[in-house]
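Student: With the input below, show me the fold.
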Amino acid sequence: MARLEPLKIDEMSEDQKIIADEIIKSRGKVAGPFIPWLRNAELADSNKKLGAFCRFNTSLSPRLSEFIILIVARKWNIYLEWQVHRPLAIEAGMSTDVIEALRVKVVPLFVNKDEEIIYQFCCELLENKSVSDGLYDTALREFGAPKLVDIVAIVGYYCNVAITLNAFEIFPENGDEVFSQDN
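Tutor: This is a model prediction of the structure:
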């Protein structure tokens, strides 16, 4: 059970109601990190806008954006995001073999150079909290500065999502998990 339950309409301020309506129109319901974020309407609104940008408006293809989201989801063990984004990644063209390797924490065998560089870049950033000069230079040559900034923005936004989901113990409604919290 989550540490915070969704706010009821009669518990919301007018600003919270407006943001909740916008979230419901775009996502179907107030769920996931929006449950705690909605406690602060401005925070929920800002995160809603940043999330929409990171999902739909970066310079990256959906295939690469969804792959980055899965990398972050797996590193943070946030199955809720994995559950949402795995089918989107497959639909966008990600290999199920690469996704499965990511799920079981095995370095994937990459066919696409861009995916391999993104995987290395994101893993190094998440594990070391920085990126080596050599890998940075490789990523910069492959993607250019604008796309590299977008890669980091997606990682950062989904780390925010992960921290929120983990802190408030927000898990999938169906309770199924494909990876455990301890590995």
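
Student: can you list the domain ranges for this structure.
Tutor: According to automatic domain parsing, the chain comprises the domains 9-56, 60-167.

Student: CSV for those domains, including distance to E173, mean neighbour count and mean pLDDT?
Tutor: Using the backbone N, CA and C atoms, a C-beta is placed for each residue, glycine as well. Putting the domains of the chain into CSV (distance: least, C-beta to C-beta, whole Å; neighbours: other C-beta atoms under 10 Å; pLDDT from 0 to 100) gives the following:
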stretch, distance to E173, mean neighbour count, mean pLDDT
domain 9-56, 8, 16, 94
domain 60-167, 9, 17, 97
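
Student: Make TSV out of these and add distance to R3.
Tutor: Formatted as TSV, the entries for the domains of the chain read as follows, by distance: least, C-beta to C-beta, whole Å:
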stretch	distance to R3
domain 9-56	8
domain 60-167	8
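
Student: Out of these, which is closest to M1?
Tutor: Among these, the nearest to M1 by C-beta to C-beta is domain 9-56 (12.0 Å).

Student: Could you work out the end-to-end span of stretch 48-59 for me?
Tutor: Taking C-alpha to C-alpha, to the nearest Å, the first and last residues of stretch 48-59 lie 19 Å apart.

Student: got a list of contacts for it?
Tutor: With C-beta atoms under 8 Å, 6 or more residues apart in numbering as the contact definition, stretch 48-59 has outside contacts at 19, 22-23, 26, 34, 65, 69, 146-147, 150, 153-154, 157-158, 161.

Student: if we go to 6 Å?
Tutor: Outside of stretch 48-59, the residues within contact range by C-beta atoms under 6 Å, 6 or more residues apart in numbering are P146, K147, D150, A153, I154, Y157.

Student: And those, which is closest to D97?
Tutor: Taking C-beta to C-beta as the measure, I154 is the one of those closest to D97, at 22.3 Å.

Student: so which helix or strand takes in the closest one?
Tutor: Per DSSP states H and E: I154 is located in helix 133-167.

Student: Any chance of TSV for the contacts of stretch 48-59, columns distance to K113?
Tutor: Conversion of these to TSV gives the following (distance: C-beta to C-beta, whole Å):
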residue	distance to K113
P146	19
K147	14
D150	18
A153	22
I154	19
Y157	25
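
Student: which pair in these spans the largest distance?
Tutor: For the contacts of stretch 48-59, the maximum inter-member distance is 16.5 Å, found between P146 and Y157 (C-beta to C-beta).
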